[in-house]
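Undergrad: Any chance you can model this:
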Amino acid sequence: MADIQRVKIEMLTAEAFEPFGEVLDGGRLFDVKGSGVSRGYTVNFETDGTPRVQVTQTPFSGFTFSKLERHFLQTKVTVPLAGSPAVVAVAAPTDPKDPEAIPSPDQVRAFLLDGTKGYMFKRATWHSVDRLPLYPPGSSFVVFNDRETAEDLRLAYEGKGGFKFSQEVNYTTRFGITFELVL
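TA: Model (predicted):
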């Protein structure tokens, strides 16, 4: 049986999330003004692949997880669309050229996605494979990623190779740890 590593859920703020990426919200300074009354700011989504916009739906599955992954070709943008508040677990990016550069369990943090903010990961930021809804039925998100990473993950999950542009670690297998979110 795996040991439990409890991870306290934190509020998603720009300062707390900075080691992992950017928080996307309406409270930032605007640098773009449209011809009408709309204003905005630019988020520098990057990919070495073919940009792709995806809508994902994640059902409620509880407060535990064991896997983190990271992506090498892209930053990754996620914006809540509908459903329950959710949580994303993260650890700071590590050297993409070193597959053994895996964050220790005590470096994993968790942030509340309350529906008012999204985020963009830096390249190679470790993160939970899914966002974890806090209650049923679940949550939906708009995700900006790339076709190459998505195809790479599909092949990996089907046991047909993959993990060329991403890396996944199972903390239960590697460290004997299962993570549990704490409100």
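Undergrad: Just list the residues touching the residue nearest to the spatial centre of the chain, thanks.
TA: Note on the chain: the residue nearest the mean C-alpha position is residue 127, at 4.7 Å, using Cα atoms, centre = their mean. Going by Cβ atoms under 8 Å, 6 or more residues apart in numbering, residue 127 touches 20, 68, 69, 70, 76, 88, 89, 90, 91, 121. C-beta here means a position set from N, CA and C on the backbone, and glycine is covered the same way.
Undergrad: For the closest residue to residue 156 other than its chain neighbours, give me the pLDDT.
TA: On the basis of Cβ to Cβ, 6 or more residues apart in numbering, the spatially nearest residue to residue 156 that is not a chain neighbour turns out to be residue 162, at 2.8 Å. Residue 162 is assigned 90 on the pLDDT scale.
Undergrad: residue boundaries of the helices in the protein?
TA: 14-17, 147-157, 171-175 (DSSP state H).
Undergrad: want to throw those into TSV with distance to residue 43?
TA: Below are those laid out as TSV (distance: least, Cβ to Cβ, whole Å):
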stretch	distance to residue 43
helix 14-17	13
helix 147-157	18
helix 171-175	30
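Undergrad: What pLDDT does the model give residue 27?
TA: The model's pLDDT for residue 27 equals 72.
Undergrad: ugh, typo on my part, it should be residue 147
TA: pLDDT, residue 147: 97.
Undergrad: That one: how many residues sit nearby?
TA: Here the number of neighbours of residue 147 (other Cβ atoms under 10 Å) works out to 14.
Undergrad: Distance of it relative to residue 179?
TA: Using Cβ to Cβ, to the nearest Å, we find residue 147 at a distance of 30 Å from residue 179.
Undergrad: now do residue 76
TA: As for residue 76, its distance to residue 179 is 20 Å (criterion: Cβ to Cβ).
Undergrad: cool, residue 109 as well?
TA: 11 Å.
Undergrad: All set, thanks.
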